[in-house]
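Q: Kindly generate the corresponding structure for this input.
(3 chains)
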Amino acid sequence: MTFWTDPFNFLFAWLSGVFQGWGMNEVLATVLVWFVGILLLVTFAMVLDIFLVWVERKVVARFQDRLGPNRIGPFGIFQPFADIVKLLIKEDITPIGADVILFNLAPIFSMMSVLLLWAILPFAPKMYGVDLNVAMLYLVAAGSIGTLSVIMAGWSSNNKYALMGSFRTVAQMISYEVPMVAAILVVTLMAGTMGTVGIVEAQQPFVPFWVYSPLALLIFLISAIAELGRSPFDLNEAESEIVAGFHIEYTGMKFGLFYAGELLHSFTFGGFIALLFFGGYRFFGLENLSPIVGAIIFLAKAMFFYWVIMWVKYTVPRIRIDHMLAFNWKFLTPLAFILLMVTALVNRLLLGSAWLVPGLFVSNLILIWLTIEYLKSQARKTRAQEEASVQSVAAEA
Amino acid sequence: MNASQVLFLVFAALTLGSALMVVTTKKMIHAAFWLIATLFGVAALYALLNAGFIAMVQLVVYVGAIAILFIFAVMLTRKDLRDSAKSLNANWGWAALFSALMFGGFAILLRQWDGFGMKEAGALPATDMITKLGTALVTPTQYLLPFEVASVLLLAALIGAVYVAATNK
Amino acid sequence: MIPISWYLIVAAALFSIGLFGVLARKNAVAILLGIELMLNAVNINLVTFWRYNAPATVTGQVFAIIVFAVAAAEVAVGLALVISIYRNRKTVIADDLDMMKW
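A: You can find the predicted model right below:
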């Protein structure tokens, strides 16, 4: 066992040996090493977060035909540090009538709900926090802590707009959890396990799960964006309607925590898309070289899907609140459930045969085609009605 | 006193302490948030009992749905929840006495049970608990019927709740 | 390992606290909160008995899951009733809801 073949366990054994050399007993040393490991993982996530700020600003600038930050350091890469200094020296305001404890807890919970997810991200075959057998449920549970932080912030700020923003967010997050869970269930069905490492190991290099079920990928992507509260689902902070939503009263680093939490959450969900549908750390056998290579592959994939989420964010305009709810309950949720049933049926019929993957893929394509045809006929009907009403008005005039 | 016992005491204290806050705190919204702390404590107890699936379901169902429903209900019925109003009714002394008697009764009953002195839990079976649970819930000879009845119950509750709370009937 | 008695005592205490909440609180929503505490206490007991008495079977966990479903249904209907009452009577104080009292 060397650093190259098994970095986490190598460091674990080494650090535990150092602590025991200082005269600690084995249990205490192990607990201490765990804490150091958690601390390092969290620190890594937070440092990555600092650079995500730069990535986000640079990419949005490109989408909007600007240059973005370019003054501090090469390509403006040290801009986030200037941002941090600015946030730190701002006045920390607590509004009158605010519920002080909840007001201060909310940003911490927001960040916590993201960092909790890093415990189950497998970076490489032997590099992960923990291989839970209920990891996919854990993902949903951590999301509910995020919902909680938003409602805490909205209620404790003693501000109408904040409360409205948090109501919107909660309605959105709880609604879009349903199709997301259905998409996760499709993946669980195909992998036969809920553990993240098991899901990655179940995907062959040339047929990751997006080939099995492209529709599940699409549903997961849409509901993940809604869960993140990013455009086109950024109703919780719709500037033109409710100023800034649930974090309207937050200043300085407390606002910074919400902002950084959102970016890291997007990146983490990019990682989950990579691991659920694109084989996680696997890349045509390259991951067998070393877990370190696997971790780099995984982070690169996560960064790519983070970019996809940004691409959607800066391309699609915000949708209206009733459209958001109608889209979920009248379209996405039924579609997700139908997909789940079709996948279960095809999986059952073709289990063990070579036709499983083509069968699933074709059934997905048929489902997509049927959905598009149905939507087309619906759109034609609506359009005919609208035109008829316009014509009758025109005839009266 | 080993590590798991220390963890148990910490989470038991969290559970019971925040449960006491739920029933005594004046602001209703704080009671709802203390309920969330209790639910976290209970989930941790499940995790200590090696019931990871139940712990996660506890978080998803209780914290993600039930607690948020409570917070919404508290906000929607906030008009006469002024913080100056008394939160306990006139008979709270009797209620406290009755609850204490109930606890004493439970303690006496439990002490008479033979298994009360059990110090160690048996070894867990090697098979994956979640697979077993999932199979048990859809096997007709095991728990298919309760499972289906529970889903029908949830559907009925869904429709009933919408009908009761809808404004324009 | 943790003795079974610790879990059972914690569950009994949680149940009694919930009972106190149900009996002593004025607000209808708070009474529902107390019921939730009692349901949680029952669930702790179910999972404890599963772990200590029959870890090879799944009965205790199935029971716990059914209790979750019942709790969710109970909260949904209960809170809908409370909101409906609030809309009609402008109060959720249990003592004031005495229309049925002769």
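Q: From the centroid of chain A, which residue is nearest?
A: Among the residues of chain A, A:Phe269 comes closest to the average C-alpha position under Cα atoms, centre = their mean, at 2.4 Å.
Q: So for the worst-scoring helix or strand of chain A on mean pLDDT, what gets flagged as buried?
A: Lowest by mean pLDDT, DSSP states H and E among the helices and strands of chain A is helix A:239-242, with a mean of 72. Within helix A:239-242, the residues that count as buried by 16 or more other Cβ atoms under 10 Å in any protein chain shown are A:Ile242. C-betas here are computed from N, CA, C, even on glycine.
Q: Name the nearest residue to the residue nearest to the centre of chain A, ignoring sequence neighbours.
A: Using Cβ to Cβ, 6 or more residues apart in numbering or on different chains and skipping the chain neighbours, the partner closest in space to A:Phe269 is A:Ala224 (4.7 Å).
Q: and what of A:Thr5?
A: Excluding the flanking residues, the one nearest A:Thr5 by Cβ to Cβ, 6+ apart is A:Ser290, at 6.5 Å.
Q: Report the separation between the one you found and A:Gly280.
A: Using Cβ to Cβ, to the nearest Å, one gets 16 Å for the distance from A:Ser290 to A:Gly280.
Q: any idea where the helices of chain B begin and end?
A: Taking DSSP state H, the helices of chain B run over residues B:3-24, B:28-48, B:52-57, B:67-76, B:92-112, B:129-138, B:144-165.
Q: circling back to that earlier point, and A:Ser290 and A:Gly280? Which one has more around it.
A: Between A:Ser290 and A:Gly280, counting by other Cβ atoms under 10 Å in any protein chain shown, A:Gly280 is the more crowded of the two (29 against 18).
Q: Tell me the secondary structure of that one, please.
A: Three-state assignment for A:Gly280 (DSSP: H, G, I helix; E, B strand; the rest coil): coil.
Q: Could I get the contacting residues of it?
A: Going by Cβ atoms under 8 Å, 6 or more residues apart in numbering or on different chains, A:Gly280 touches A:122, A:196, A:199-200, A:203, A:274, A:298, A:301.
Q: Now tabulate the residues you listed in a markdown table and tack on pLDDT and distance to chain B.
A: Below are the contacts of A:Gly280 laid out as a markdown table (pLDDT from 0 to 100; distance: Cβ to the nearest Cβ, whole Å):
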| residue | pLDDT | distance to chain B |
| --- | --- | --- |
| A:Pro122 | 87 | 17 |
| A:Thr196 | 87 | 14 |
| A:Ile199 | 87 | 14 |
| A:Val200 | 85 | 18 |
| A:Gln203 | 82 | 20 |
| A:Ala274 | 90 | 23 |
| A:Phe298 | 88 | 24 |
| A:Lys301 | 89 | 26 |
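Q: now chain C, which segments are flagged as low pLDDT?
A: Along chain C, the model assigns pLDDT under 70 to residues C:101-102.
Q: which residues in it form strands?
A: Using DSSP state E, no strands are found in chain C.
Q: how many neighbours does residue 156 have?
A: Chain wasn't specified; assuming chain A. A:Ser156: 27 neighbours (other Cβ under 10 Å).
Q: other chain: chain B
A: Residues near B:Ala156, counting by other Cβ under 10 Å, number 12.
Q: How about the secondary structure of the closest residue to A:Ala98 other than its chain neighbours?
A: Distances taken as Cβ to Cβ, 6+ apart put A:Asn158 closest to A:Ala98, at 5.0 Å, once the chain neighbours are dropped. A:Asn158 falls in the coil class when you classify it by three-state DSSP.
Q: ok, now which ones touch A:Asn158?
A: A:Asn158 neighbours (Cβ under 8 Å, 6+ apart): A:95-99, A:249.
Q: what does A:Trp210 give?
A: A:Trp210 is in contact with A:217, A:277-278, counting by Cβ under 8 Å, 6+ apart.
Q: Tell me the residue of the stretch 201-350 of chain A that sits nearest chain C?
A: Closest to chain C within the stretch 201-350 of chain A is A:Trp329: 16.4 Å, counting by Cβ to the nearest Cβ.
Q: Check which helices and strands the helix or strand bottoming out on mean pLDDT in chain B is in contact with.
A: Here the helix or strand of chain B ranked lowest by mean pLDDT, DSSP H and E is helix B:129-138, holding a mean of 83. If you count contacts as 3 or more Cβ pairs under 8 Å, 6 or more residues apart in numbering or on different chains; DSSP states H and E, helix B:129-138 packs onto helix B:52-57, helix B:144-165, helix C:59-89.
Q: and among these, the most buried is which?
A: Greatest average neighbour count among the helices and strands packed on helix B:129-138 goes to helix B:52-57 (a mean of 23), per mean count of other Cβ atoms under 10 Å in any protein chain shown.
Q: could you measure B:Ala47 against chain C, distance?
A: Using Cβ to the nearest Cβ, to the nearest Å, B:Ala47 is found at 10 Å from chain C.
Q: tally of neighbours for that residue?
A: By other Cβ under 10 Å, the residues close to B:Ala47 number 16.
Q: and the residue nearest to it when sequence neighbours are not counted, what does it touch?
A: Among residues not flanking B:Ala47 along the chain, B:Ala55 sits closest, at 4.4 Å (Cβ to Cβ, 6+ apart). Neighbouring residues of B:Ala55 by Cβ under 8 Å, 6+ apart: B:43-44, B:46-47.
Q: can we see that at 10 Å?
A: By Cβ atoms under 10 Å, 6 or more residues apart in numbering or on different chains, the contact set of B:Ala55 is A:134, A:137-138, A:141, B:40, B:42-49, C:47.
Q: Now distance to A:Val55 too, for the helices and strands packed on helix B:129-138, in TSV please.
A: Converted to TSV, the helices and strands packed on helix B:129-138 look like this (distance: least, Cβ to Cβ, whole Å):
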stretch	distance to A:Val55
helix B:52-57	32
helix B:144-165	42
helix C:59-89	41
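Q: What sits closest to the residue of chain B found nearest chain A if chain neighbours are left out?
A: Scanning chain B for the residue nearest chain A gives B:Gly64, at 3.0 Å (criterion: Cβ to the nearest Cβ). Leaving out its chain neighbours, the residue that sits closest to B:Gly64 by Cβ to Cβ, 6+ apart is A:Ser144, at 3.0 Å.
Q: Tell me which helix or strand the one you found sits in.
A: In this structure, A:Ser144 is located in helix A:135-156 according to DSSP states H and E.
Q: Only C-alpha atoms, please: export that helix in PDB.
A: Output of helix A:135-156 as PDB, limited to C-alpha atoms (Å, rounded to 0.1, in the frame of the first residue of the first chain):
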ATOM      1  CA  ALA A 135     -26.600   7.000   0.000                       C
ATOM      2  CA  MET A 136     -29.300   8.100  -2.400                       C
ATOM      3  CA  LEU A 137     -31.800   8.600   0.500                       C
ATOM      4  CA  TYR A 138     -29.000  10.600   2.200                       C
ATOM      5  CA  LEU A 139     -28.900  12.800  -0.800                       C
ATOM      6  CA  VAL A 140     -32.600  13.600  -0.400                       C
ATOM      7  CA  ALA A 141     -32.300  14.000   3.400                       C
ATOM      8  CA  ALA A 142     -29.400  16.500   3.000                       C
ATOM      9  CA  GLY A 143     -31.600  18.400   0.500                       C
ATOM     10  CA  SER A 144     -34.300  18.700   3.200                       C
ATOM     11  CA  ILE A 145     -31.800  20.400   5.500                       C
ATOM     12  CA  GLY A 146     -31.300  23.000   2.700                       C
ATOM     13  CA  THR A 147     -35.000  23.600   2.500                       C
ATOM     14  CA  LEU A 148     -35.000  24.000   6.300                       C
ATOM     15  CA  SER A 149     -32.200  26.700   6.100                       C
ATOM     16  CA  VAL A 150     -34.200  28.700   3.600                       C
ATOM     17  CA  ILE A 151     -37.400  28.600   5.700                       C
ATOM     18  CA  MET A 152     -35.300  29.600   8.700                       C
ATOM     19  CA  ALA A 153     -33.800  32.500   6.900                       C
ATOM     20  CA  GLY A 154     -37.100  33.700   5.500                       C
ATOM     21  CA  TRP A 155     -39.000  33.500   8.700                       C
ATOM     22  CA  SER A 156     -36.300  35.000  11.000                       C
END
